[in-house]
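# mind folding the following:
(2 chains)
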Number of protein chains: 2
Amino acid sequence: MNPLDQVTARVWLTTAVAEARAGLAEGGIPIGAALYGADGTLLGRGHNRRVQDGDPSMHAETAAFRAAGRQRSYRGTTMVTTLSPCWYCSGLVRQFGISRVVVGEAATFHGGHDWLAEHGVEIVLLDDPECVALMRDFIKNHPALWNEDIGE
Amino acid sequence: MNPLDQVTARVWLTTAVAEARAGLAEGGIPIGAALYGADGTLLGRGHNRRVQDGDPSMHAETAAFRAAGRQRSYRGTTMVTTLSPCWYCSGLVRQFGISRVVVGEAATFHGGHDWLAEHGVEIVLLDDPECVALMRDFIKNHPALWNEDIGE
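Predicted coordinates:
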């Protein structure tokens, strides 16, 4: 697998950001994700649905993974997420052998992406200002909801 | 939090086993789980739904977690599962601060329960023959489906 170029990473991130914005518009937690196939096909996209569905199991990454349906293999796939993946979502990536994670930002929350890198997952950390602003504003305005979502 | 007594652990395991058997009867992967509250209340129960719903995100533990709905805290809760939790489900336990995991067996699949123990989660490993037989028979009869479920 070739390393991902930054242009593609940023284009793919726009899909995850659109999901995060859709979640925010629904009154939800603004984290979005998308799963891309080895050939660059969009396999699934989604956003956090804790508030909308009362479903704590649907983080952005799990929602995108679910939307992609059953796959025989995740070799060569890329999980794109607006925010560094929590342990739950990092565990998903490791268990299913997702090859790469594009992280919009890890400034407002530092999840398990270092752990994934140690276990051979390619990490592309973008430090995207739009992703940072989305989360910074949300955490400031809804601290209890954010803490609930990360179990703190 | 007091350590869990073996009698309670085995009683709670019967809930998870009943879920695993329900999944098997539906043509699914026979792994079941249940989330118990700090006071011993059953908060949620569920089983693997990959086959039934075409949903790869619903492992037994995530299904039980989802069924419990939104919770402000998981302090003192116990996740009971028929099988050692995979990285995905171990990440769930760690992220949300679930205090204890009762594992039916870890002979047919060794997941992340040692990692959880290192991070302060109380692990009760039961080595239950019924759980072992359920998985051993299933893996023998449906190896491709099992490998799909653990991303191998």
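# can we go C-alpha only for contacts and neighbour counts from here?
Will do.
# how near is the spatially closest residue to residue A:68 that is not a sequence neighbour to chain B?
Leaving aside its chain neighbours, residue A:68 sits nearest to residue A:44 (4.2 Å; criterion: C-alpha to C-alpha, 6 or more residues apart in numbering or on different chains). For residue A:44, the distance to chain B equals 12 Å [C-alpha to the nearest C-alpha, to the nearest Å].
# next: residue A:15.
21 Å.
# repeat that for residue A:106.
With C-alpha to the nearest C-alpha as the criterion, residue A:106 and chain B are 16 Å apart.
# all strands for chain A, in order.
Counting by DSSP state E, chain A has these strands, from start to end: A:32-36, A:42-47, A:78-81, A:100-103, A:122-125.
# using CSV, lay out these together with distance to residue B:114.
Shown next, in CSV, are the strands of chain A (distance: least, C-alpha to C-alpha, whole Å):
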stretch, distance to residue B:114
strand A:32-36, 29
strand A:42-47, 31
strand A:78-81, 27
strand A:100-103, 25
strand A:122-125, 25
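# in JSON lines: the ones you listed, plus distance to residue A:132, mean neighbour count and mean pLDDT.
Converted to JSON lines, the strands of chain A look like this (distance: least, C-alpha to C-alpha, whole Å; neighbours: other C-alpha atoms under 10 Å in any protein chain shown; pLDDT from 0 to 100):
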{"stretch": "strand A:32-36", "distance to residue A:132": "13", "mean neighbour count": "31", "mean pLDDT": "98"}
{"stretch": "strand A:42-47", "distance to residue A:132": "16", "mean neighbour count": "24", "mean pLDDT": "98"}
{"stretch": "strand A:78-81", "distance to residue A:132": "12", "mean neighbour count": "30", "mean pLDDT": "98"}
{"stretch": "strand A:100-103", "distance to residue A:132": "11", "mean neighbour count": "27", "mean pLDDT": "98"}
{"stretch": "strand A:122-125", "distance to residue A:132": "12", "mean neighbour count": "19", "mean pLDDT": "98"}
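# so the longest helix seen in chain A versus strand A:42-47, what angle?
As assigned by DSSP state H, the longest helix anywhere in chain A is helix A:6-25. Interaxial angle, helix A:6-25 versus strand A:42-47 (axes from the mean of the first three to the mean of the last three C-alpha atoms, to 10 degrees): 40 degrees.
# related to what we said a few turns ago, OK, contacts around the residue nearest to residue A:68?
Shown in contact with residue A:44 (C-alpha atoms under 8 Å, 6 or more residues apart in numbering or on different chains): A:34, A:35, A:36, A:64, A:65, A:66, A:67, A:68, A:69.
# ok, residue A:29 next?
Residues near residue A:29 by C-alpha under 8 Å, 6+ apart: A:20, A:23, A:48, A:49, A:50, A:51, A:138, A:146.
# got it, and residue A:61?
By C-alpha under 8 Å, 6+ apart, the neighbours of residue A:61 are A:32, A:33, A:34, A:46, A:47, A:48, A:79, A:81, A:85, A:89.
# number of residues surrounding the closest residue to the fourth one other than its chain neighbours?
Counting by C-alpha to C-alpha, 6+ apart, residue A:46 lies nearest to residue A:64, which is 4.4 Å off, once chain neighbours are set aside. Burial of residue A:64, expressed as a neighbour count using other C-alpha atoms under 10 Å in any protein chain shown, amounts to 29.
# done for today, thanks.
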